[in-house]
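In: What follows is a protein structure lacking sequence information:
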């Protein structure tokens, strides 16, 4: 299957930060938990904290490594109505606390 560039979809904007979906390599399918502040890196896998990429689950700040499915579900289900609410709240909080680089600070 040929590799096709996909224009990254804007997931959300908060303050002066735009957050884009990150896509599975060579597809137009976005990852569930991975996002970037740098749309130029949306079609590659850089890892948490590199190339503007971040794993939303890591923003919960309680794990050294990516949490298991059970740990993640236990975290968001106790605090939010939906998983999407948890993802959005964690990203907004990380932007507010400058854990996610602002648009003017892209790598």
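Out: Ah, there it is. Here the structure is a predicted model, which is why all the values come from computation and not from measurement.
In: Quick check: closest non-adjacent residue to residue 99.
Out: Using C-beta to C-beta, 6 or more residues apart in numbering and skipping residues adjacent in sequence, the residue nearest residue 99 is residue 59, 6.7 Å away. Quick note: C-beta positions are derived from backbone N, CA and C, even for glycine.
In: quick one, phi/psi of that neighbour?
Out: phi -70, psi -10 (degrees, to the nearest 10).
In: residues contacting it?
Out: 90, 91, 93, 94, 99, 100 (C-beta atoms under 8 Å, 6 or more residues apart in numbering).
In: And for residue 37, the neighbour number?
Out: Residues near residue 37, counting by other C-beta atoms under 10 Å, number 22.
In: Likewise for residue 79?
Out: 12.
In: from what I can see it touches residue 87, true?
Out: No - here residue 79 does not reach residue 87: they are 11.8 Å apart, not a contact under C-beta atoms under 8 Å.
In: who touches both of the two?
Out: Between them, residue 79 and residue 87 share no contacting residue, judged by C-beta under 8 Å, 6+ apart.
In: burial measure for residue 17, as a count.
Out: 21.
In: Correction: the previous question concerned residue 69.
Out: Neighbours around residue 69, by other C-beta under 10 Å: 8.
In: Identify the bridge partners of residue 53.
Out: residue 36 (DSSP bridges).
In: how close does it get to residue 73?
Out: 23 Å (C-beta to C-beta, to the nearest Å).
In: neighbour count winner among those two?
Out: Set residue 53 next to residue 73 and count neighbours by other C-beta under 10 Å: residue 53 wins out with 22 against 13.
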